[in-house]
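Participant: Sequence and predicted structure, then a few things I'm wondering about:
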Amino acid sequence: MWKIVIFLFCTLFASQLCGSTSTDCNVEDLVSQCGGFCFRALWPILDHISYHQESGSNASDINHIATRVQLDKIEKQLVAQQQVLSSLESSQKNIPKNFEQIGSSFYYIERYSQQNWFAARDICRRMGGNLASIRSDAELTALNAKLPSSTEFWLDINDLGKTGAYVSLSSGKQTTFLKWSTGEPSNTSHHCVLLNNLMYDANCDQLTLFICQAGDINE
């Protein structure tokens, strides 16, 4: 492109020279003769063209990079959202029927049929869950908000293996959260734990309502 501009400029310049003299002139000779002057005259024009070409190229590159970065960011967000949705769908498929979400866990609250601790454990397992294992104040508060007052419910906590060593039946590990009522545990012959706002030890053969919890319980 620059060569064309130079040639045209020199040609026009030569034409002007021819027009200003009465003698014959050869355009090609004049173009050749004006070489240095032509280039000096054209430098501002060439610099202007070069600047805009480079600016346009740089702007295009910057816009392309910015667009690519934005698309990569959106793609990562979509992948993360898809993973969350897949996880939620998978967890929903594993939730047994009649279980409701309370706080961050899913529970079934038996409000009518009273069972001893062992029978309650078996019923929960047949339903696809386990006796509930409360692991934090937040879980306890959320669950108590759904329970009738002054009503007892079996949990999965027990010290059947060793008196005073309370474990979760579901995980087989020592429980990390115990919220005893005043004076509890009160009897060394009581090895199962029930919930009535707070926790109490009780005879495992006592007939009581119970709470099942869905999913694996790992403490």
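Facilitator: Alright, I've got the coordinates. Numbers count the residues shown, from 1 in each chain.

Participant: Give me the three-state assignment for residue 101.
Facilitator: strand (DSSP: H, G, I helix; E, B strand; the rest coil).

Participant: pLDDT value on it, please?
Facilitator: Note for residue 101: predicted pLDDT of 95.

Participant: how much space between it and residue 137?
Facilitator: According to CB to CB, to the nearest Å, residue 101 stands 18 Å off from residue 137. Every C-beta, even on glycine, is put in place using the N, C-alpha and C of the backbone.

Participant: what comes up buried for the lengthiest strand in the chain?
Facilitator: Counting residues, the longest strand found in the chain (DSSP state E) is strand 105-115. By 16 or more other CB atoms under 10 Å, the buried positions in strand 105-115 come out as 105-110, 115.

Participant: pLDDT check: weakest of those residues?
Facilitator: For the buried residues of strand 105-115, the pLDDT minimum is residue 105, 93.

Participant: who touches that residue in this structure?
Facilitator: 139, 213-215 (CB atoms under 8 Å, 6 or more residues apart in numbering).

Participant: Nearest to residue 178 among these?
Facilitator: Residue 178 has its nearest neighbour among those in residue 139, at 12.8 Å by CB to CB.

Participant: And for that closest one, the neighbour number?
Facilitator: Residue 139 is flanked by 19 other residues according to other CB atoms under 10 Å.

Participant: Please report how far the nearest residue to it once chain neighbours are set aside lies from residue 145.
Facilitator: Of all residues not flanking residue 139 in the chain, residue 103 sits nearest, at 5.4 Å (CB to CB, 6 or more residues apart in numbering). According to CB to CB, residue 103 stands 9 Å off from residue 145.

Participant: the more surrounded of those two?
Facilitator: Taking neighbours as other CB under 10 Å, residue 103 and residue 145 compare with residue 103 leading, 16 against 9.

Participant: How about the contacts made by the more buried one?
Facilitator: Neighbours of residue 103 in contact, by CB under 8 Å, 6+ apart: 138-139, 142-143.

Participant: Who are the contact partners of residue 197?
Facilitator: By CB under 8 Å, 6+ apart, the contact list for residue 197 reads 144, 147, 149, 181.

Participant: now do residue 214
Facilitator: Per CB under 8 Å, 6+ apart, neighbours of residue 214: 94-96, 99, 105-108, 128-129.

Participant: can you put the residues you listed in TSV and add distance to residue 187?
Facilitator: Shown next, in TSV, are those (distance: CB to CB, whole Å):
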residue	distance to residue 187
94	38
95	36
96	34
99	32
105	29
106	32
107	27
108	28
128	33
129	28
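
Participant: any low-confidence regions in this structure?
Facilitator: 1-59, 61, 83-93, 216-219 (pLDDT under 70).

Participant: Show me where it has its helices.
Facilitator: Secondary structure of the chain (DSSP state H): helices at 2-19, 27-33, 35-93, 117-126, 137-144.

Participant: I'd like to know how many residues surround residue 77.
Facilitator: 10.

Participant: Tell me which residues are up against stretch 137-151.
Facilitator: 102-105, 107, 109, 111, 132, 134, 153, 177, 179, 195-197, 209, 211.
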